[in-house]
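[1] Have a look; sequence and predicted model below, questions after that.
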2 protein chains.
Amino acid sequence: MDQPSRSAGTVRPGGRTARVRAAVMEATQDELVEHGFHGLTMDQVAARAGVGKTTVYRRWGSRAGLVTDLMTELANQSTPHADTGDVEEDLRANALSVLGAITDGRLGATFQAVIAAATCDEQAAGALRVFYLRRIEEWAGVVDLAVKRGELPEGTDGGEVIRAISAPLYYRLVVTREPVTREDAERSVSRTLTAARAGAFVVRETAP
Amino acid sequence: MDQPSRSAGTVRPGGRTARVRAAVMEATQDELVEHGFHGLTMDQVAARAGVGKTTVYRRWGSRAGLVTDLMTELANQSTPHADTGDVEEDLRANALSVLGAITDGRLGATFQAVIAAATCDEQAAGALRVFYLRRIEEWAGVVDLAVKRGELPEGTDGGEVIRAISAPLYYRLVVTREPVTREDAERSVSRTLTAARAGAFVVRETAP
């Protein structure tokens, strides 16, 4: 995941419906950060948002519904991919954006809470998948541009390159529980780019 | 993580203490698989293992204590690294072992439960870290052997190569929630090896 603004739903133009959604999203994120998915309750979100319980139940249905909408909101707020004209710079921007997000207290905790939820809740898993696939697709654009400029081989799979940039950072964050540093981000870029330049991300069609 | 035998504590020689531990570890894993860390209780583990609650509380202290001991047991049961004389074959063995573990119903669920627990419990996070660092250190040996045989550049960081093999598989498993296939494992090997042969995993000493 890369860096959206730190809080979902803080700046929502529009009328009452938009204001309610913004307050509920903000409260959902607060509760997730403080108590995790297992500690998230519809009632507490409603109380924190200053919104009636009935409204929250009717509009979001369940805590997984809240999390799904929060992920949509975070994806909507995420920045478009970099376009510096240089693939290494663009991929570095991606790696540093991921690093920024996962080391941000609020955002990092939000994503860890949803990753944990996804291990035991199918709807949360779906929300997580949709979020990351949207962000991967967005950033895959930098690889397509690099191929057009002749920086990477024809047929390089942009989505796979972007996954390869993020993977070592998330692996340290949630699997080996090691610190994730700027050096890790830089290494991920240089290793991925070395393999991509050598054609290791060219996806060949499987013979029919 | 790579493939240990499917159940912790099933074959423990020794006396009553060893039998109690085996039963408790088995019950801990069963409960984790069925209910996750949040649904794990000392009382239920004791009941399932047919062991007195007092014994479980005295010996393991908390559910995080149970998880820590289970991870130690799984690490103890894990196989030594491959040694085929060929770095590509050895790394493939590692990738397929990881794939086998995470796609195994029981083991995969165990690891996902502990990954989820680690997002909100420091002791579980520590147990996870110790487990993976032991397995990374074990398999780093295949890289050291490859360097000695001249297959990889002098100074290649074995632990980093092994992390790079696992990272894309776990990223799909717990972050993007995508299927993890044999093809993903093969791609991870070829991409990592391409980068490693080109020297991208040579760690240079930072200037003092």
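    Received the coordinates, thanks.
[2] Run through the helices of chain A in chain order.
    Under the criterion DSSP state H, chain A contains helices at A:16-35, A:42-49, A:53-60, A:63-77, A:87-103, A:105-118, A:122-148, A:158-170, A:182-197.
[3] tally of neighbours for A:Pro80?
    8 (other C-beta atoms under 10 Å in any protein chain shown). For every residue, glycine as well, the C-beta is placed using N, CA and C.
[4] What residues does the closest residue to it other than its chain neighbours make contact with?
    Using C-beta to C-beta, 6 or more residues apart in numbering or on different chains and skipping the chain neighbours, the partner closest in space to A:Pro80 is A:Glu138 (6.5 Å). Counting by C-beta atoms under 8 Å, 6 or more residues apart in numbering or on different chains, A:Glu138 touches A:78, A:80-81.
[5] Return the residues in contact with the closest residue to A:Ala140 other than its chain neighbours.
    Setting aside the residues directly before and after it, A:Ala140 is nearest to A:Gly158 in space (C-beta to C-beta, 6+ apart), at 3.1 Å. Residues near A:Gly158 by C-beta under 8 Å, 6+ apart: A:139-144, A:147.
[6] For chain B, see how far away A:Gly158 is.
    Note on A:Gly158: its distance to chain B, by C-beta to the nearest C-beta, to the nearest Å, is 14 Å.
[7] Same check on A:Leu99?
    From A:Leu99 across to chain B, the span is 15 Å (C-beta to the nearest C-beta).
[8] Which residues lie in contact with the residue lying closest to that residue once chain neighbours are set aside in this structure?
    Leaving aside its chain neighbours, A:Leu99 sits nearest to A:Ala185 (4.5 Å; criterion: C-beta to C-beta, 6+ apart). Taking C-beta under 8 Å, 6+ apart, we find A:Ala185 in contact with A:92, A:95-96, A:98-99, A:169.
[9] With A:Ala95 instead?
    Per C-beta under 8 Å, 6+ apart, neighbours of A:Ala95: A:165-166, A:169, A:185-186, A:188-189.
[10] most neighbours, which of those residues?
    That'd be A:Ser166 among these, by other C-beta under 10 Å, with 29 neighbours.
[11] Show me which residues of chain A sit near chain B.
    Taking C-beta under 8 Å from any C-beta of the partner chain as the contact definition, chain A meets chain B at A:36, A:38, A:112-113, A:115-120, A:125-126, A:128-129, A:132-133, A:136, A:160, A:163-164, A:166-168, A:170-172, A:174-178, A:187, A:190-192, A:194-195, A:198, A:200-201.
[12] Which ChimeraX command selects the buried ones in the residues you listed?
    In ChimeraX, this line selects whichever of the residues of chain A next to chain B come out buried by 16 or more other C-beta atoms under 10 Å in any protein chain shown:
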select /A:36,38,112,113,115,116,117,118,119,120,125,126,128,129,132,133,136,160,163,164,166,167,168,170,171,172,174,175,176,177,187,190,191,192,194,195,198,200,201
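[13] Looking at the contacts of A:Ala185, which is nearest chain B?
    When the contacts of A:Ala185 are compared for distance to chain B (C-beta to the nearest C-beta), A:Leu169 wins out at 8.5 Å.
[14] Surely the closest one and A:Leu99 touch.
    Yes. Between A:Leu169 and A:Leu99 there is a contact under C-beta atoms under 8 Å: 6.3 Å.
[15] joint contacts of these two?
    Counting by C-beta under 8 Å, 6+ apart, the residues touching both A:Leu169 and A:Leu99 are A:180, A:184-185.
[16] show me what contacts A:Gly126?
    Listed by C-beta under 8 Å, 6+ apart, the contact partners of A:Gly126 are A:68, B:177.
[17] With distance to B:Thr103 and mean pLDDT added, can I get the helices of chain A in TSV?
    Shown next, in TSV, are the helices of chain A (distance: least, C-beta to C-beta, whole Å; pLDDT from 0 to 100):
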stretch	distance to B:Thr103	mean pLDDT
helix A:16-35	29	95
helix A:42-49	34	98
helix A:53-60	33	96
helix A:63-77	25	95
helix A:87-103	26	97
helix A:105-118	17	96
helix A:122-148	16	97
helix A:158-170	17	98
helix A:182-197	24	98
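[18] Pick the most deeply packed of these.
    Burial of the helices of chain A is given as mean neighbour count (mean count of other C-beta atoms under 10 Å in any protein chain shown); helix A:158-170 ranks first at a mean of 25.
[19] CA-only coordinates of that helix in CSV, if you can.
    What follows is helix A:158-170, C-alpha atoms only, in CSV (Å, rounded to 0.1, in the frame of the first residue of the first chain):
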residue,chain,number,x,y,z
GLY,A,158,4.1,-4.0,-14.4
GLY,A,159,1.9,-5.4,-11.7
GLU,A,160,4.5,-8.0,-10.8
VAL,A,161,7.2,-5.4,-10.6
ILE,A,162,5.1,-3.3,-8.3
ARG,A,163,4.3,-6.4,-6.1
ALA,A,164,8.1,-7.1,-6.0
ILE,A,165,8.8,-3.6,-4.7
SER,A,166,6.3,-3.9,-1.9
ALA,A,167,6.7,-7.6,-0.9
PRO,A,168,10.0,-7.4,1.0
LEU,A,169,8.8,-4.4,3.0
TYR,A,170,5.5,-6.1,4.1
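[20] gap between A:Asn94 and chain B?
    According to C-beta to the nearest C-beta, A:Asn94 and chain B sit 14 Å apart.
[21] now A:Glu34
    Using C-beta to the nearest C-beta, A:Glu34 is found at 11 Å from chain B.
[22] separation between that residue and A:Met25?
    To A:Met25, A:Glu34 is 15 Å away according to C-beta to C-beta, to the nearest Å.
[23] again with A:Gly126
    A:Gly126 sits 18 Å away from A:Met25, taking C-beta to C-beta as the criterion.
[24] what do you get for A:Asp184?
    Distance, A:Asp184 to A:Met25, using C-beta to C-beta: 30 Å.
[25] try A:Gly52
    To A:Met25, A:Gly52 is 16 Å away according to C-beta to C-beta.
[26] for A:Glu122, same thing?
    According to C-beta to C-beta, A:Glu122 stands 21 Å off from A:Met25.
[27] What of A:Gln112?
    In terms of C-beta to C-beta, A:Gln112 sits 18 Å off from A:Met25.
[28] next one: A:Lys53
    Distance, A:Lys53 to A:Met25, using C-beta to C-beta: 16 Å.
[29] quick one: contacts for A:Glu34?
    No contacts exist for A:Glu34 under C-beta under 8 Å, 6+ apart.
[30] oh, I was asking about A:Phe131
    A:1, A:71-72, A:74-75.
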